[in-house]
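[1] Requesting a structural model of the entry that follows:
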Amino acid sequence: MRITGGHVTASILVSIGLGLTIYLGVLSGADQQPSRATSALLVVLAGGFQVAGASRFHAIGRADPGLARAAVRRLIKMVRRTQQARLVAETAYDGSNAADMRKAMGRVSVELSWIEEGLADGIDDWNEFHKNALRELTKGGGNVKQD
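    As a prediction, this is how the structure comes out:
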């Protein structure tokens, strides 16, 4: 797994929180102990940094819901196009003369062209919020084939 800026930011936040906790422990054992207000401030800051770091780690790799909805909408549209192409192909199969068959194959070709374009756009949608997974698939690690 590649270390990203999000990983670094989250690690720094957690480290600051841990450092403040250790600092408070060291201060507590000193000859002149910190006041309650200072101790409380350090505890709140340490907790805040640890929560912020944990939330940053939690957000790594999460898809934007708006982009995910757009990608699913596009896939639903492609299902409809595929159903239309299937129906046209079935009608062409049932047809008896060559002219009807030729016309139906033209419509199937158009529908398949729309499906191809929609699927390419769908891949671009996924590229917006999960580039690493797409990069792994297109570099020979997966089943995505490119001409």
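[2] Now do the SS call for D31.
    Following DSSP: H, G, I helix; E, B strand; the rest coil, D31 is assigned to coil.
[3] ok, so what distance separates the closest residue to G95 other than its chain neighbours from T82?
    Distances taken as C-beta to C-beta, 6 or more residues apart in numbering put M101 closest to G95, at 5.4 Å, once the chain neighbours are dropped. Just so you know, the C-beta spots here come from the backbone N, C-alpha and C atoms, and that holds for glycine as well. According to C-beta to C-beta, to the nearest Å, M101 stands 20 Å off from T82.
[4] and what of A92?
    A92 is 16 Å from T82, by C-beta to C-beta.
[5] sorry, back to before: hang on, isn't the residue nearest to G95 packed against A92?
    Yes: using C-beta atoms under 8 Å, M101 is in contact with A92, at 5.2 Å.
[6] Quick check: mean pLDDT of stretch 85-102?
    For stretch 85-102, the mean per-residue pLDDT is 81.
[7] residues of it that come out buried?
    85, 88-89, 92 (16 or more other C-beta atoms under 10 Å).
[8] which secondary element of the chain has the worst mean pLDDT?
    helix 131-136 (a mean of 67; mean pLDDT, DSSP states H and E).
[9] how about the CA coordinates for the helix or strand harbouring V8, as CSV?
    According to DSSP states H and E, V8 maps onto helix 5-28. Extracted C-alpha coordinates of helix 5-28, given in CSV (Å, rounded to 0.1, in the frame of the first residue of the first chain):
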residue,chain,number,x,y,z
GLY,A,5,-0.6,12.7,2.2
GLY,A,6,-3.7,11.6,4.1
HIS,A,7,-1.7,8.9,5.9
VAL,A,8,1.1,11.4,6.8
THR,A,9,-1.4,14.0,8.1
ALA,A,10,-3.2,11.4,10.2
SER,A,11,0.0,10.1,11.6
ILE,A,12,1.2,13.5,12.5
LEU,A,13,-2.0,14.3,14.3
VAL,A,14,-2.0,11.1,16.3
SER,A,15,1.7,11.6,17.1
ILE,A,16,1.1,15.1,18.5
GLY,A,17,-1.8,13.7,20.6
LEU,A,18,0.5,11.0,21.9
GLY,A,19,3.3,13.4,22.5
LEU,A,20,1.1,15.7,24.6
THR,A,21,0.0,12.7,26.6
ILE,A,22,3.6,11.7,27.3
TYR,A,23,4.5,15.4,28.1
LEU,A,24,1.6,15.5,30.6
GLY,A,25,2.9,12.4,32.3
VAL,A,26,6.4,13.8,32.5
LEU,A,27,5.1,17.0,34.0
SER,A,28,3.1,15.1,36.6
